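[1] sequence and computational prediction follow.
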Amino acid sequence: MTVDLVVGTQWGDEGKGKVVDYFSRNAEYVVRFQGGNNAGHTIKVGDEVYKLHIVPSGVIQGKIGIVGNGCVVDPEVLIHEIDELTKRNIKPRIFISDRVNIIMPYHRLLDGAEEKHLGNKKIGTTKRGIGPCYSDKISRNGIRAIDLLDKELLKNKLDIIIPIKQEIINSYGIDETLNTKEILDKYYMYGTKLKDFITSTHVKLNKAIQKGNKILLEGAQGTMLDVDFGTYPYTTSSHVVAGGSSIGTGIGPKNIRNIVGIVKAYTTRVGEGPLPTELFDETGKYLQKKGHEFGTTTSRPRRCGWLDLMVVRHSCMISGITKLAITKLDVLNGLKQIKICTYYKLKGKKIDIFPANIEDVKKCIPIFEEFEGWSDMGKNLKEITDLPKEAQKYLRFIEKTLNIPIAIVSIGPGRKETIEV
Ligand code: GDP
Ligand code: IMO
Ligand code: MG
């Protein structure tokens, strides 16, 4: 088997970009399978920093990037990202599934309108049109990449969809008029620009598997943002977990070998919704500042808290995670005491299963194990045993509690700041 998968186990921003870039060395194809440009994946190579939103992270290593059918694509953003990379001397080799759903201008408008309507109950979305686009996909009103190549078909679809969207936009009290002809011309033009990239990527990938080519599947977001298994309704709108990768690429589940769960050494969340181990004190601010915890896509500050193994255990179970990659361990340097949540207390009872009811999640009180901190860990460490003994103890506890081996420990944003176990 030649297909490996990387998924986030928390609320996104675990360092998937860095780890995918690291593993891409050994892959021929790197594939996004869900989400869209709500994602922001950072890759640091020397002094160069790349922030990718829809282009798969493997292109920085010169690998072929595939945007699988499970994604939603804003063509304007995709074209801009390709242009920006080209200017920086990275000519991305990319293919986009003919079946991806396209984020249309009315999706972005509706994302903003729905959030405004929710007021203080808002989700805190990235306002990139992700939810409205996935809603249209499921209700079979979507525009797919292949539709952008057939002007007649695109026109027929838009003639039906746009008047309905206009009414919904009006009902939200938004003063915007959708011009069908303008949208048709613009999106047909995007289709013309992207024509050479649009193909049946599921066929390409399955042929590659038969040839023995290595494929790396790149998750976006994290389990707690999964539309079924996350803190619904404070989630994104796609299937973030490992199972989503099969649906979102057309690669049969039996082909997947390693499922690597990325675990940030503490917890962050951007947007609204419960975060049981959130720190509202100086330590929370310390993690935010030291970890540069500001959104890659929206620049919003990320809320920070202790590592929550209730969350990671839930993720490992659902995705069948076979290996762990622990990231941002260096951010904990300098803390006197570090905590890990192992269980919650809910209505006076200890629980070890993540609740489905969002009101229950809000009431959960984390139960912590305490660990001695370490001062610094230095650079260019090669082995786990080069880490301070307190850091080794912290890692061993994670490994033992989850009963899953650690494959990678990341101690900085750069490629070299990685310890392979
Ligand atoms: P992603 O969405 O999971 O790809 O993560 P983001 O790129 O949104 O956020 C992770 C941030 O942490 C980026 O700025 C990375 O450059 C940075 N990063 C990744 N791994 C490490 C690490 O081990 N240590 C430190 N200090 N920063 C890291
Ligand atoms: P990466 O791939 C962190 C969050 C938003 C919001 C919720 C719904 O970089 O880890 P959406 O725009 O998807 O409808 O927003 O999901 N969110 C992310 N948080 N990292 C991400 O991606 C995210 N993508 C979406 O902040 O709370
Ligand atoms: Mg991110």
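    Received, thanks. Ligands and ions are numbered 1, 2, ... in the order given.

[2] residues in contact with stretch 172-185: which ones?
    Stretch 172-185 is contacted from outside by 104-106, 109-110, 113-114, 116-117, 151, 154-155, 158-159, 162, 165-166, 169, using C-beta atoms under 8 Å, 6 or more residues apart in numbering. To be clear about C-beta, it is placed using only N, CA and C from the backbone, and glycine gets the same treatment.

[3] give me the element F280 is part of.
    In this assignment (DSSP states H and E), F280 forms part of neither any helix nor any strand.

[4] so how far is ligand 3 from it?
    Applying C-beta to the ion, to the nearest Å, the value for F280 to ligand 3 is 23 Å.

[5] next, count neighbours for that residue.
    F280 sits with 10 neighbouring residues when counted by other C-beta atoms under 10 Å.

[6] and stretch 222-240, how far apart are its ends?
    Chord length of stretch 222-240, first to last residue, is 6 Å (C-alpha to C-alpha, to the nearest Å).

[7] go on, stretch 3-19?
    16 Å.

[8] off-centre distance for it?
    Remark: stretch 3-19 is offset 7 Å from the chain centroid, using C-alpha atoms, centre = their mean, to the nearest Å.

[9] in it, which residues are buried?
    Neighbour-count burial for stretch 3-19 flags 3-19 (criterion: 16 or more other C-beta atoms under 10 Å).

[10] G15 contacts Y266, correct?
    No: using C-beta atoms under 8 Å, G15 is not in contact with Y266; the gap is 11.7 Å.

[11] sorry, back to before: can you tell me which of the buried residues of stretch 3-19 end up in strands?
    Among the buried residues of stretch 3-19, the members falling in strands (DSSP state E) are V3, D4, L5, V6, V7, G8.

[12] near ligand 1, from those?
    Among those, the ones lying near ligand 1 by C-beta under 6 Å from any ligand atom are G8.

[13] need the ones in strands among the buried residues of stretch 3-19 in TSV (columns: distance to ligand 3 and pLDDT).
    Formatted as TSV, those follow (distance: C-beta to the ion, whole Å; pLDDT from 0 to 100):
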residue	distance to ligand 3	pLDDT
V3	23	96
D4	20	97
L5	17	98
V6	13	98
V7	13	98
G8	9	98
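
[14] can you redo the ones in strands among the buried residues of stretch 3-19 as JSON lines with distance to R99?
    Output for those, formatted as JSON lines (distance: C-beta to C-beta, whole Å):
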{"residue": "V3", "distance to R99": "19"}
{"residue": "D4", "distance to R99": "23"}
{"residue": "L5", "distance to R99": "20"}
{"residue": "V6", "distance to R99": "22"}
{"residue": "V7", "distance to R99": "22"}
{"residue": "G8", "distance to R99": "24"}
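
[15] helix/strand/coil for T297?
    Assigned with DSSP: H, G, I helix; E, B strand; the rest coil, T297 falls in the coil class.

[16] ok, V49 next?
    strand.

[17] how far away from the center of its chain is stretch 384-401?
    On C-alpha atoms, centre = their mean, the centre of stretch 384-401 falls 26 Å from that of its chain.

[18] residues making contact with that stretch?
    Under C-beta under 8 Å, 6+ apart, the answer for stretch 384-401 is 263, 265, 307, 309, 312-313, 324, 326, 329, 332, 338, 340, 342, 369, 371-377, 381, 405-406, 409, 411, 419, 421.

[19] which parts of that stretch are buried?
    Neighbour counts over stretch 384-401 (16+ other C-beta under 10 Å) mark L387, P388, A391, Y394, L395, F397, I398 as buried.

[20] quick one on the thing from earlier: and the ones in strands among the buried residues of stretch 3-19, which is closest to ligand 1?
    Closest to ligand 1 out of those is G8 (5.7 Å), distances taken as C-beta to the nearest ligand atom.

[21] test my guess that that closest one contacts G244.
    No: between G8 and G244 there is no contact under C-beta under 8 Å: 11.7 Å.

[22] restrict the buried residues of stretch 3-19 to those near ligand 2?
    Answer for the buried residues of stretch 3-19 near ligand 2 (C-beta under 6 Å from any ligand atom): G8, W11, G12, D13.

[23] correct me, but the last one touches T296?
    Yes: A contact is recorded between D13 and T296 when judged using C-beta under 8 Å, the distance being 6.9 Å.

[24] who touches both of these two?
    Common neighbours of D13 and T296 (C-beta under 8 Å, 6+ apart) are G40.
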